[in-house]
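**Q** got a predicted structure here, sequence first:
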Amino acid sequence: MPAPGRTAADLAERLLAGDKRALARAISLVENDDPEGWALVREVYPSTGRAAIVGFTGPPGVGKSTIIARLVERARARERDVAVLSIDPSSPFTQGALLGDRIRLSEHFLDPGVYIRSMATRGSLGGLSEATLQAALLMDASGKDDVFLETVGVGQAEVDIIDHADTVVLALMPGSGDSVQALKAGVMEIPDVIVVNKADHPLTDTMVREIRGVLSLGPQEDWRVPIVKAEASRGEGIDELGEKISEHREFIEERGTLAERRRRNLLNEVIALAAGRLRRELEAQVRADQSVQELLDEVVARRLDPASAAAKLLERER
Ligand SMILES: Nc1nc2c(ncn2[C@@H]2O[C@H](COP(=O)(O)OP(=O)(O)OP(=O)(O)O)[C@@H](O)[C@H]2O)c(=O)[nH]1
Ligand SMILES: [Mg+2]
């Protein structure tokens with residue numbers, strides 16, 4: 001709870017100054033769909049857009065959290081401030097994921113340069129992705145250099161927060177053939193960097209070849225998707241992964257792709273928010289308006305088809 005006298009402007013100020021507790025409070029506000037949260041995002045939005053946003057996706061248990069924990073450590077060694085947003089984790093950031101032999105969980109939590117947060121699925125997917133995007137914006141506004149997003153994804157069911165990442169990393173492990181199939185079938189978008197984790201597995205090279213094969217079938221872009229082998233639990237391959245992520249960022253910055261990508265993502269976001277609002281208005285209208293019920297009666301009685309009814313609904317004065 002805010003102390004008495006702590007205004008929204010005060011919270012914004014502390015957030016912009018990088019205060020961790022202000023960031024935590026701000027994210028809780030957007031998570032709870034509190035109007036104060038939206039007002040806060042509105043206020044700090046001009047200060048966003050500076051963080052490098054990296055999304056990590058991949059099947060459950062492949063090692064995303066372990067990889068991120070290692071990359072946090074790497075970023076800290078370079079004096080970069082980091083925030084991690086883990087979305088709907090089946091195993092949230094617990095000691096298991098963060099407390100590796102060389103990684104001390106307590107260090108990360110006490111480190112003012114690191115902020116870690118999990119958000120669980122609640123309500124509709126749209127609601128969750130709205131809240132997570134706002135949370136990522138708040139992390140960005142609080143002056144983090146890197147924002148790492150973690151989502152479980154095996155294809156279609158992915159939360160679209162990943163669309164807001166500047167760089168998308170797909171984590172796979174030997175045996176995650178489903179994901180390779182999803183890539184092949186075009187169900188899953190081609191990521192910017194692929195990491196094959198648990199590379200101590202004997203089938204790692206087979207997996208890498210398989211992925212390379214799938215990538216070669218797709219359109220040949222200027223950016224060649226690197227495939228990095230890693231063993232995150234031992235910290236192997238993490239430097240190379242970190243380098244590939246930085247290289248990708250430099251590449252998209254130089255080419256202007258970053259600006260393009262962000263513009264496209266923001267357009268999608270604006271449309272999604274507007275569409276959500278329209279839908280809620282329409283639903284409220286349908287509940288309240290007797291004549292809409294009558295229109296529906298016509299559809300139920302098969303005198304009017306659904307598409308014609310929808311057209312009539314949209315024609316009406318709102
Ligand atoms: N053998 C081996 N195990 C690993 C490696 N990296 C991570 N693990 C282990 O794999 C398990 C899952 O790791 P997480 O980092 O929680 O995986 P995740 O992808 O974040 O999992 P979810 O969030 O549940 O989808 C943990 O027990 C890790 O210690 C690795 O390189 N080799
Ligand atoms: Mg995880």
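**A** That came through, no problem. Numbers count the residues shown, from 1 in each chain. Ligands and ions are numbered 1, 2, ... in the order given.
**Q** low-confidence regions, the protein specifically.
**A** 1-6, 88-109, 121-129, 153-161, 317-318 (pLDDT under 70).
**Q** contacts for stretch 192-199?
**A** Stretch 192-199 is contacted from outside by 62-63, 66-67, 167-174, 204, 207-208, 211, 223, 225-232, 236-237, 241, 244-245, 248, using Cβ atoms under 8 Å, 6 or more residues apart in numbering. C-betas here are computed from N, CA, C, even on glycine.
**Q** dump the residue contacts of the nearest residue to Trp223 once chain neighbours are set aside.
**A** Counting by Cβ to Cβ, 6 or more residues apart in numbering, Phe251 is the residue found nearest to Trp223 once chain neighbours are left out, at 5.7 Å. Going by Cβ under 8 Å, 6+ apart, Phe251 touches Asp222, Trp223, Thr257.
**Q** what is the nearest of the residues you listed to Arg21?
**A** Proximity of those to Arg21 (Cβ to Cβ) peaks at Thr257, which lies at 36.1 Å.
**Q** dump the residue contacts of the closest one.
**A** Phe251.
**Q** neighbours around the residue of the chain found nearest ligand 2, how many?
**A** Using Cβ to the ion, Ser65 is the residue of the chain that sits closest to ligand 2, at 3.3 Å. For Ser65, the count of nearby residues is 26 (other Cβ atoms under 10 Å).
**Q** quick check: which element contains it?
**A** helix 64-77 (DSSP states H and E).
**Q** how far out from the middle of the chain is that helix?
**A** 17 Å (Cα atoms, centre = their mean, to the nearest Å).
**Q** which residues sit against the helix or strand following that helix?
**A** Using DSSP H and E, the helix or strand that follows helix 64-77 towards the C-terminus is strand 82-87. By Cβ under 8 Å, 6+ apart, the residues outside strand 82-87 that reach it are 23, 51, 65, 68, 72, 75-76, 92-93, 113-119, 121, 128, 132, 135-136, 139, 142, 144-151, 159, 161.
**Q** same check on stretch 11-22?
**A** 2, 23, 25-26, 40, 43-44, 47, 81, 112, 115, 138, 141-143.
**Q** pretty sure Leu170 sits in a strand.
**A** Yes. Looking at Leu170 with DSSP: H, G, I helix; E, B strand; the rest coil, it is inside a strand.
**Q** how about it: which residues does it bridge to?
**A** Under the criterion DSSP bridges, Leu170 forms beta bridges with Thr57, Ile194.
**Q** contact partners for it?
**A** Here Leu170 is in contact with Thr57, Gly58, Ser179, Leu183, Met188, Pro191, Val193, Ile194, Val195 (Cβ under 8 Å, 6+ apart).
**Q** same deal with Ile252?
**A** For Ile252, counting by Cβ under 8 Å, 6+ apart, the contacting residues are Asp166, Thr167, Trp223, Leu258, Arg261.
**Q** likewise Val41?
**A** Val30, Gln134, Leu137, Leu138.
**Q** distance check, the residue nearest to the third one when sequence neighbours are not counted against Gly143.
**A** In this structure, Leu137 finds its nearest non-sequential neighbour in Thr48, 5.0 Å apart by Cβ to Cβ, 6+ apart. Using Cβ to Cβ, to the nearest Å, one gets 10 Å for the distance from Thr48 to Gly143.
**Q** same question, Ala165
**A** 19 Å.
**Q** cool, Arg255 as well?
**A** 26 Å.
**Q** so for those two, which sits in the more crowded spot?
**A** Gly143 (18 against 12).
**Q** just checking, the more buried one touches Asp81?
**A** Yes. Judged on Cβ atoms under 8 Å, Gly143 makes contact with Asp81 at a distance of 6.3 Å.
**Q** helices of the chain, start to end?
**A** 8-16, 20-31, 35-44, 64-77, 95-98, 105-110, 125-141, 177-184, 204-217, 238-255, 257-288, 290-300, 306-315 (DSSP state H).
**Q** just give me the neighbour total for Val84.
**A** For Val84, the neighbour count with other Cβ under 10 Å is 25.
**Q** next to ligand 2, which bits of the stretch 201-318 of the chain? Give me the list.
**A** Taking Cβ under 5 Å from the ion as the test, the list of the stretch 201-318 of the chain residues beside ligand 2 is empty.
**Q** residues from the stretch 201-318 of the chain in reach of ligand 1?
**A** Glu231, Ala232, Ser233 (Cβ under 6 Å from any ligand atom).
**Q** from ligand 1, how far out is the nearest residue to the last one once chain neighbours are set aside?
**A** This points to Ser233. Spatial nearest neighbour of Ser233, excluding adjacent residues (Cβ to Cβ, 6+ apart): Thr66 at 5.7 Å. Remark: distance between Thr66 and ligand 1 (Cβ to the nearest ligand atom, to the nearest Å) = 3 Å.
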